[in-house]
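Asker: Provided below are the primary sequence and the corresponding predicted coordinates.
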Amino acid sequence: AIYILIAIYLPSFFQTPFLFLSPFICLDCYLQGYNAEPWMYWYWQPPQGGALHMLFLSRVKGSIDDSLEKHFIAARPAQQNFTLSTDSLFPNDTGLYYCAWSRTLSQAGAASGQKLPLPLSL
């Protein structure tokens, strides 16, 4: 008898912390187990649902596209690490913040990701 073992290894995706109660936040997104340099994204969704709004896109470490959200700052300090921070939260910032990654732009629609519910108490 011949046995074939096929193992599928999926990268681990971490996003911390879960809840914020202060005007300063720093969200950390980390991709573990993927050796190439992924595209990484930060999205925001209003609390009542609706369309996702892309806050930031980073194609490589150290490079981040401009955003209309001027009171948020994104940083890509490492190949698999993407942070989102601000020191001035406003009531209209309440919502869900998502970090996602993809191998290429053509795969972005099917990218693995994890959502971070972020109910802000202001």
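Answerer: Yep, that arrived. Numbers count the residues shown, from 1 in each chain.
Asker: Show me what the mean pLDDT comes to for stretch 61-71.
Answerer: The average pLDDT within stretch 61-71 is 85.
Asker: May I see the buried residues of it?
Answerer: 61, 64, 67, 69 (16 or more other CB atoms under 10 Å). To be clear about C-beta, it is placed using only N, CA and C from the backbone, and glycine gets the same treatment.
Asker: dump the residue contacts of the third one.
Answerer: By CB atoms under 8 Å, 6 or more residues apart in numbering, the residues touching residue 67 are 55, 56, 74.
Asker: for the second one, same thing?
Answerer: For residue 64, the set of contacting residues under the criterion of CB under 8 Å, 6+ apart consists of 56, 57, 58, 74, 75, 76.
Asker: Mind checking which of the residues you listed land in strands?
Answerer: The strands, defined by DSSP state E, take in 56, 57, 58, 74, 75, 76 from the contacts of residue 64.
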